[in-house]
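Engineer: take a look and give me a structure for this.
(4 chains, ligands or ions: 4)
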Protein chains: 2
Amino acid sequence: MNMTTAEENYLKAIYHLSDGGKKSVSTNDVAAEMKTKPASVSDMLRKLGDKEVIEYRKYYGVNITEEGKKRALQTIRKHRLWEVFLVDKLQFAWDEVHEVAEELEHIQSPLLIQRLDAYLNYPKFDPHGDPIPDEYGDVRARPRVALNEMEIDQTGQIVAVKDSSAAFLRYLDKVGAYIGARIKVLDKVEFDGSLEILVDQKKTLFMSKDVAANILAIQS
Amino acid sequence: MNMTTAEENYLKAIYHLSDGGKKSVSTNDVAAEMKTKPASVSDMLRKLGDKEVIEYRKYYGVNITEEGKKRALQTIRKHRLWEVFLVDKLQFAWDEVHEVAEELEHIQSPLLIQRLDAYLNYPKFDPHGDPIPDEYGDVRARPRVALNEMEIDQTGQIVAVKDSSAAFLRYLDKVGAYIGARIKVLDKVEFDGSLEILVDQKKTLFMSKDVAANILAIQS
DNA sequence: ATATTTATTTAGCTATATCTAAATTATTTT
DNA sequence: AAAATAATTTAGATATAGCTAAATAAATAT
Ligand SMILES: [Mn+2]
Ligand SMILES: [Mn+2]
Ligand SMILES: [Mn+2]
Ligand SMILES: [Mn+2]
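Structural biologist: Numbering: from 1, shown residues only, chains lettered A, B, ... in the order given. Ligands and ions are numbered 1, 2, ... in the order given. Below you'll find the predicted structure:
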């Protein structure tokens, strides 16, 4: 059963909003995520329900089915592989890849993705630190914690960002935060939750709680 | 002015059918090329006429405009660059690339094409020997002759194929004809126009006139 | 328990891209 | 110059994907 580009985009949004299928998702949430109107979402939910990639109960939101999860993960896999390609091979910056990957992820060719994966040397994470599902949809998730949840003196390594918007990524570039950086929490301000972070044992960085909440680390 | 995928495909077809804008093209020819119905073509021609990429006079066929030519060449450029990528980097065979390139050519990102071009080292020809227009739409065409038009004892080098169908390309693989091969016409059969060709000074090949007409060479 | 607010769906419309069948125009043959 | 044929367009469908405005259902407050 083939899906259109719009259907794939909706299904991916539902997958993300439902936290990988763990929660049910409301029409309005989907509309906000897709920057469309709830009325349009209702139509699409009915269609996705007919295709049995979601379970749709009018007025009570949707749950993604196993089949839907599988398909969403395939689209996510393609999106992230293309992002790696753009950064590793075509020298795109990590804040320039999302829009293009959003289009490339809909190209239909299993051979293409298989070869691309091999060509990129079977990457496990995309340029934003998000894990790349394998061809069966399996994801090896690492235990990650947002910087604002770390305590003073704790150390770790930045492994991903929660917000992949160009604005946020360029801000990180500017202040010198990047994926792979070793960090230590030097101070936390009680008043506003802002933090002082030591990066690579040499550079000190001040960041708001909002920024910290969008940076993910593994603790060491 | 943005064009849809369907509009881009139609415009490319009109460009090819018109021999790069040299001839006018009929509705039925476009329908045959696009594997669609003349009624659908009439609708699309009106739209393309409104956008001034073709000049459309009802019942008298269409001519592509300068603007249309420019746009068609951009799509062709993208198509052929992607074909080079698939063959050179992802180890696709030359008979496997067309379908995928037909999708990839519609990805909208000038940066992507510019970087892809550089990454591929500014290739001048695609895997089928067709020239790749530069970013301004300029094409450096070589003087090419179909094998069936060569005379006995003439020599040359295969540079392109006219028919890029998988069936034809696999046939060429099977008999050992390829782009770059040095050839010599050993014999031409008067009766049916079939030829005997020496490939790379060692292998003798028999081919029908139909096959020969779809192989292009530069003479030496 | 009723009223109000919020969330969601339905109805009706627009735009794209296709189709078939009918109508029309152009071309060719007699 | 008609008649026949071929080419093309128009009319009226269908399917996708979006919209606004109105209707309705669910949740919350009084
Ligand atoms: Mn997308
Ligand atoms: Mn990403
Ligand atoms: Mn195409
Ligand atoms: Mn080609």
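
Engineer: can you tell me which residues in chain A are near DNA strand D?
Structural biologist: A:4-7, A:10, A:34, A:36-37, A:39-40, A:43-44, A:47, A:59-60 (C-beta under 7 Å from any atom of the strand). Glycine gets a C-beta too; all of them are placed from N, C-alpha and C.

Engineer: just name the closest of the residues you listed to ligand 1, please.
Structural biologist: Ligand 1 lies nearest to A:T5 out of the residues of chain A next to DNA strand D, by C-beta to the ion, at 6.4 Å.

Engineer: residues near the closest one, how many?
Structural biologist: Neighbour count for A:T5, taken as other C-beta atoms under 10 Å in any protein chain shown: 13.

Engineer: for it, give me its contacts.
Structural biologist: A:H106 (C-beta atoms under 8 Å, 6 or more residues apart in numbering or on different chains).

Engineer: residues touching A:P131, list them.
Structural biologist: Contacts for A:P131 (C-beta under 8 Å, 6+ apart) come out as A:R80, A:K124, A:F125, A:V139, A:R140, A:A141, A:R142.

Engineer: quickly list what it is bridged to.
Structural biologist: A:F125 (DSSP bridges).

Engineer: give the bridge partners for the residue nearest to A:D187 when sequence neighbours are not counted, please.
Structural biologist: Counting by C-beta to C-beta, 6 or more residues apart in numbering or on different chains, A:E196 is the residue found nearest to A:D187 once chain neighbours are left out, at 4.0 Å. With DSSP bridges as the criterion, A:E196 is bridged to A:D187, A:F206.

Engineer: just confirm yes or no for whichever helix in chain A runs longest near ligand 1.
Structural biologist: Under DSSP state H, the helix in chain A containing the largest number of residues is helix A:66-84. No. Helix A:66-84 lies out of reach of ligand 1 by C-beta under 5 Å from the ion, never closer than 7.1 Å.

Engineer: tell me the contacts of A:N214?
Structural biologist: Per C-beta under 8 Å, 6+ apart, neighbours of A:N214: A:A146, A:V161, A:K162, A:D163, A:F168.

Engineer: most neighbours of all these, which one?
Structural biologist: A:V161 leads those on contacts (other C-beta under 10 Å) with 21 neighbours.

Engineer: who's in contact with that one?
Structural biologist: Contacts of A:V161 by C-beta under 8 Å, 6+ apart are A:H128, A:G129, A:F168, A:L169, A:L172, A:I179, A:N214, A:I215, A:L216.

Engineer: which element is the fourth one on?
Structural biologist: Under the assignment given by DSSP states H and E, the secondary-structure element containing A:L169 is helix A:166-175.

Engineer: got the CA coordinates for that helix in CSV?
Structural biologist: The C-alpha trace of helix A:166-175 is given here as CSV (Å, rounded to 0.1, in the frame of the first residue of the first chain):
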residue,chain,number,x,y,z
ALA,A,166,18.4,26.6,12.1
ALA,A,167,18.2,29.4,14.6
PHE,A,168,19.1,27.2,17.6
LEU,A,169,21.8,25.3,15.7
ARG,A,170,23.5,28.5,14.6
TYR,A,171,23.4,29.8,18.2
LEU,A,172,25.2,26.6,19.3
ASP,A,173,27.8,27.2,16.5
LYS,A,174,28.3,30.7,17.7
VAL,A,175,28.9,29.8,21.3
